[in-house]
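Enquirer: Sequence first, predicted coordinates after that:
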Amino acid sequence: MDNTWVEVSKSALLNNLKGLKGLLSPGTALMFVVKANGYGHGLSQVAGIAETENSPVDTYGVHLPEDGIFLRRKGITKDIYVLGYANGSQLEALIRHDLCPVVTNTELIPLLEQEASRQKKQVRITLKCETGTHRQGILPEEVPEAASLLKKAPSVTLEGLSTHFANIEDTSDHSYAQGQIHSFKEFIRKFEAFGFILRRNHIACSAATILLPETHYQMVRTGISSYGYWSSKETYLSFRSGDSRELRLEPVLAWKTRIGQIKDVGPDVSIGYGCTYKTNQPTRLAILPVGYYDGYDRKLSNSGYVLIHGKRAPIRGRVCMNMIIVDITHIPGCRLNDEAVLLGYSGEEVVTADEIAALAGTISYEVLSRINPLIPRRIVP
Ligand SMILES: Cc1ncc(COP(=O)(O)O)c(C=O)c1O
């Protein structure tokens, strides 16, 4: 019996992925972004689910070459795109496992050629273009150099171009995104003018996939929405207000722990480190064996809550490294080892990653992806 565990709903994940695929034109590929341990859900678990028969997933997106290799070792044969940085020492393994790197600088092109020709293989690459995020990607003025390096690299195939939106989740004003789309079109035009045939361009994350069909090109890259969360309130409201299309997203992950101790204290008693909470009445407390080491944000001290027997149990005092203390005075019948829900449903009540994120001053992405990978992930129907 585990003290703390994560449940990953197979049906929710597949339904979300099918819903997203339903937004695409036939022939547009769906990349399932499984970086950061599958957004905290467990890379092995989510990829296992996504590999079921008739899966809507066409390709995978990982951050690290190691994660791509892990998926290959699991027997996955679909295209796997390495979205993060692959350094020179990782190219041998990357090419040997037929991963598709997203190349963000021109220096990598000759190194890829050298290694691919040594292995007598063809490596398919996406070239990432800088359109306004000012993070990764080649600049417009680097196009001639990239084109010339690619012409001298017969073992490297430029499959397509990509970019990433800077300001699409936090706003319902998409003018900055439109500027990026415009710059991206310019990159395409320039590479085509050098004679390249771009078969798979991709720029859309979840928000763009959901809101802007013109960004779909030949592939979209969906992360957070696959896991059942809207990228932001603005994305949700923009979709609901202006769109007749249907999309239902259902959170895939539940995070649970157990009551490790029950304790009655009197009024005027300080709780936890720093004595930041003082009781004002006789109080029953439950100690739960989960803390910030496990990914439960310390900013939830005195503000977060968990669910026990379908009721909210507020956190009292500070979140510790491996423990939290919750108030169960109003929840009758609690016993040692009873389930406490950190994320997910208990009876009619629910705690979502969006709610926890709002309390901790962050976003659902961080709440989910920071759940300690050592916590067991169980697939549930
Ligand atoms: C390059 C790239 N594409 C796609 C995604 C997926 O974004 P989202 O989770 O908003 O769908 C990410 C996530 O950060 C990313 O870095």
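Expert: Thanks, I have it. Numbers count the residues shown, from 1 in each chain.
Enquirer: In which helix or strand does whichever residue of the stretch 251-381 of the chain sits closest to the ligand reside?
Expert: At 6.4 Å from the ligand, Y365 is the closest residue in the stretch 251-381 of the chain, using C-beta to the nearest ligand atom. Glycine gets a C-beta too; all of them are placed from N, C-alpha and C. Counting by DSSP states H and E, the element that carries Y365 is helix 364-369.
Enquirer: Next secondary structure after that helix?
Expert: Helix 364-369 is succeeded, C-terminally, by strand 377-380 (DSSP H and E).
Enquirer: Output the contacting helices and strands for that following strand.
Expert: Strand 377-380 is packed against strand 4-9, helix 43-50, with contacts defined by 3 or more C-beta pairs under 8 Å, 6 or more residues apart in numbering; DSSP states H and E.
Enquirer: Run me through the strand neighbours of the first one, direction for each.
Expert: So that's strand 4-9. strand 253-258 (antiparallel), strand 377-380 (parallel) (DSSP bridges).
Enquirer: per-residue confidence averaged over it?
Expert: Mean pLDDT, computed over strand 4-9, is 98.
Enquirer: centre of the chain versus that strand, how much separation?
Expert: 16 Å (C-alpha atoms, centre = their mean, to the nearest Å).
Enquirer: Pull out the buried positions in that strand.
Expert: Using 16 or more other C-beta atoms under 10 Å as the test for burial, strand 4-9 gives T4, V6, E7, V8, S9.
Enquirer: pretty sure the residue of the stretch 251-381 of the chain closest to the ligand is touching I224, no?
Expert: Yes. Counting by C-beta atoms under 8 Å, Y365 does reach I224; the two are 5.8 Å apart.
Enquirer: what does the stretch 201-350 of the chain have sitting close to the ligand?
Expert: C205, S206, R221, T222, G223, I224, S225, S231 (C-beta under 6 Å from any ligand atom).
Enquirer: Could you tell me how many residues sit around I224?
Expert: 25 (other C-beta atoms under 10 Å).
Enquirer: likewise G344?
Expert: Count around G344 with other C-beta under 10 Å applied: 20.
Enquirer: That one pairs with what?
Expert: Beta-bridge partners, per DSSP bridges, of G344: V351.
Enquirer: Would you confirm that it contacts P251?
Expert: Yes. Counting by C-beta under 8 Å, G344 does reach P251; the two are 7.2 Å apart.
Enquirer: all strands for the stretch 101-250 of the chain, in order.
Expert: Applying DSSP state E, counting those that start in this stretch to the stretch 101-250 of the chain gives strands spanning 123-128, 156-162, 202-204, 219-222.
Enquirer: Columns mean pLDDT and mean neighbour count on top of those, output as TSV?
Expert: Shown next, in TSV, are those (pLDDT from 0 to 100; neighbours: other C-beta atoms under 10 Å):
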stretch	mean pLDDT	mean neighbour count
strand 123-128	98	23
strand 156-162	98	24
strand 202-204	98	27
strand 219-222	98	26
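Enquirer: Take these and lay them out in CSV including distance to T77.
Expert: Shown next, in CSV, are the strands of the stretch 101-250 of the chain (distance: least, C-beta to C-beta, whole Å):
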stretch, distance to T77
strand 123-128, 14
strand 156-162, 17
strand 202-204, 20
strand 219-222, 17
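Enquirer: quick revisit: widest-spaced pair of the residues of the stretch 201-350 of the chain next to the ligand?
Expert: Between any two of those, the greatest separation by C-beta to C-beta is 12.3 Å, found for R221 and S231.
Enquirer: contacting residues for the residue in the chain positioned nearest to the ligand?
Expert: Closest residue of the chain to the ligand, C-beta to the nearest ligand atom: G223 (2.5 Å). Residues in contact with G223, defined by C-beta atoms under 8 Å, 6 or more residues apart in numbering, are V33, K35, Y39, G61, C205, S206, Y365.
Enquirer: Inside helices: which ones of these?
Expert: K35, Y39, S206, Y365 (DSSP state H).
Enquirer: which one of the residues you listed is nearest I168?
Expert: S206 (9.1 Å).
Enquirer: so the closest one touches S232, yeah?
Expert: No. With contact defined as C-beta under 8 Å, S206 and S232 do not form a contacting pair (9.6 Å).
Enquirer: More neighbours: which of these two?
Expert: S206 (25 against 20).
Enquirer: neighbours of the residue nearest to the more buried one when sequence neighbours are not counted, just the number please.
Expert: Of all residues not flanking S206 in the chain, S225 sits nearest, at 3.8 Å (C-beta to C-beta, 6 or more residues apart in numbering). Burial of S225 is recorded as 24 neighbouring residues (other C-beta under 10 Å).
Enquirer: State the mean pLDDT of stretch 332-340.
Expert: Across stretch 332-340, the average pLDDT comes to 98.
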